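A.B. asks: Fold the following and give me the result.
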Amino acid sequence: MPTLGLKDDIVDVKSGYAHNYLIPRGMATAATASAKKVLAENTRQRAHKEAKIKDDAQAIAQKLEGLKITLGAKISSTGKIFGSVNTIQIAESLAQEGFEIERKNISIVEEQIKEAGIYTAEIKLHREIKVTIEFEVIAE
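C.D. replies: Numbers count the residues shown, from 1 in each chain. Have a look, this model is predicted:
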C-alpha cells in the first residue's frame, strides 16, 4: 500500500487489517522485539554495503574524470554521419579503456549526433554519483 510506508518502515495499523490482509500477503510482519532487532541488523549491514558501493563508484568517477574517448563513424562527404552514435558504442569504447559500464547507465547529453565533432555523455555510477565525459566522433 503506497500510503502505509516504504520497505522497513514501522507503522501502526489496525490489528484486523494487519492479521487479515498485510501479513498473509507478505506485505508486513509483526513488529516483535526480535523482528525489530533483525531489522536493525539488516539496516546496519545494508548501510555498510551501500557505503562500500558508493566508495567504489567514487573511485571509478575519479578515474573517469578528464577521460576523452574517440569513436569512429562512417561519414559522408558533407560531414554527416550515416546512422548515429549511441550508448552501445560509448560503452564498448569505455570497455576497451578498462571500464565495465552498462549502456543503460550512459546518457548522451545532446539530442542526436549526426555530425563529426566533440560531444558529452553523462555516466551514472551510483544514484548520487554522476560523471561527465567528452567523446569525439571522427571519420572511420
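
A.B. asks: quick one: residue 100 from residue 130, how far?
C.D. replies: 17 Å (CB to CB, to the nearest Å). For the C-beta atoms, the positions are set from N, CA and C on the backbone; glycine is no exception.

A.B. asks: more crowded one of the two?
C.D. replies: Legend: neighbour count by other CB atoms under 10 Å for residue 100 and residue 130, higher for residue 130 (14 against 8).

A.B. asks: list the contacts for that one?
C.D. replies: Residue 130 makes contact with 122, 123, 124, according to CB atoms under 8 Å, 6 or more residues apart in numbering.

A.B. asks: switch to 6 Å and redo it
C.D. replies: With contact set as CB atoms under 6 Å, 6 or more residues apart in numbering, residue 130 has these partners: 122, 124.

A.B. asks: ok, residue 22 touching residue 28?
C.D. replies: Yes: assessed by CB atoms under 6 Å, residue 22 is found in contact with residue 28 at 3.9 Å.

A.B. asks: what's the burial count for residue 20?
C.D. replies: Counted with other CB under 10 Å, residue 20 comes out at 11.

A.B. asks: for it, phi and psi?
C.D. replies: Backbone torsions of residue 20, given as degrees, to the nearest 10, read phi -100, psi -20.

A.B. asks: Would you mind measuring from it to residue 11?
C.D. replies: For residue 20, the distance to residue 11 - CB to CB - is 16 Å.

A.B. asks: where does the protein dip in pLDDT?
C.D. replies: Scanning the chain for pLDDT under 70 picks out 1-2.

A.B. asks: what's the domain layout of this protein?
C.D. replies: Using automatic domain parsing, the domain parsing of the chain gives 15-61, 67-139.
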